[in-house]
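Colleague: Sequence and predicted structure are below.
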Amino acid sequence: MEILGKHMEKQISGMKQTTEERLQKLLNSVFPSRGAYFKDTDSPSEISGWDSLNHLNLVMAINNEFCVNLGFEEMLEIKRVGDIKVILKRHKVD
């Protein structure tokens, strides 16, 4: 199963999570102090620990979890949680 990667393992296991569920779990792993649901309008000013370093950690986690490769412009485009969803739709992540 290691050859298939994390994304395929989730689908094969029969427990396919929605993009929203996966994103919420990812956000909670990058920003564990929040411990709550992240709204689309949440931004660094509302999320403790969302600084430049954790922004990079967030982008790397998105790339890994959703098997995408966000470009520099997309990395800068993320100003709120909802921006991540727009970018994932653009990459046709479902």
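Modeller: Nice, thanks for sending it over.
Colleague: Which neighbouring elements make contact with the strand or helix carrying L88?
Modeller: Assessed by DSSP states H and E, L88 sits inside helix 81-90. Secondary-structure packing of helix 81-90 (3 or more Cβ pairs under 8 Å, 6 or more residues apart in numbering; DSSP states H and E): helix 19-30, helix 52-66, helix 72-77. C-beta coordinates here come from the backbone N, C-alpha and C atoms, glycine included.
Colleague: can you pull the buried residues of that helix?
Modeller: Neighbour-count burial for helix 81-90 flags 81, 84, 87-88 (criterion: 16 or more other Cβ atoms under 10 Å).
Colleague: re earlier: quick one, which of the helices and strands packed on helix 81-90 gets closest to D42.
Modeller: Of all these, it is helix 19-30 that lies closest to D42, at 8.6 Å by Cβ to Cβ.
Colleague: What is the closest one packed up against?
Modeller: Using 3+ Cβ pairs under 8 Å, 6+ apart, the elements in contact with helix 19-30 are helix 52-66, helix 81-90.
Colleague: Can you add mean pLDDT and distance to E74 and give these back as a markdown table?
Modeller: Supplementary listing: the helices and strands packed on helix 19-30 in a markdown table, determined by pLDDT from 0 to 100; distance: least, Cβ to Cβ, whole Å:
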| stretch | mean pLDDT | distance to E74 |
| --- | --- | --- |
| helix 52-66 | 97 | 8 |
| helix 81-90 | 97 | 5 |
